[in-house]
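Colleague: when you get a sec, could you give me coordinates for this:
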Amino acid sequence: MKRKVCKKCKIFVEGDDCPICHSSSFSNNWQGKIFVNDANKSEIAQKIGHKIKGEYAIKVK
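Modeller: Below is the predicted model:
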């Protein structure tokens, strides 16, 4: 079973609202994962605009 992802932030969410943008718009249709451990030191996190530690989907439909 696929987990739900925030459509705006692309972060994986377990509750009823996104911890970053507080949106309640989610999708179960996503592809790929990126794990950001330290957003300040990660070149990939900086390029894709993620500033908070977490697990993100690459593509959300």
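Colleague: hey, let's count contacts and neighbours off CA atoms from now on
Modeller: OK.
Colleague: name the next helix or strand downstream of the strand or helix carrying Phe12, please.
Modeller: Secondary structure assigned from DSSP states H and E places Phe12 in strand 12-13. Scanning the chain past strand 12-13 towards its C-terminal end, the next helix or strand to appear is strand 26-27 (assignment: DSSP H and E).
Colleague: touching, Lys61 and Ser27? I think so.
Modeller: Yes - taking CA atoms under 8 Å as the contact criterion, Lys61 and Ser27 are neighbours in contact, 7.0 Å apart.
Colleague: out of these two, which sits in the more crowded spot?
Modeller: Ser27 (17 against 10; other CA atoms under 10 Å).
Colleague: isn't that one right next to Ala57, touching?
Modeller: No - counting by CA under 8 Å, Ser27 sits too far from Ala57 to count as a contact (10.5 Å).
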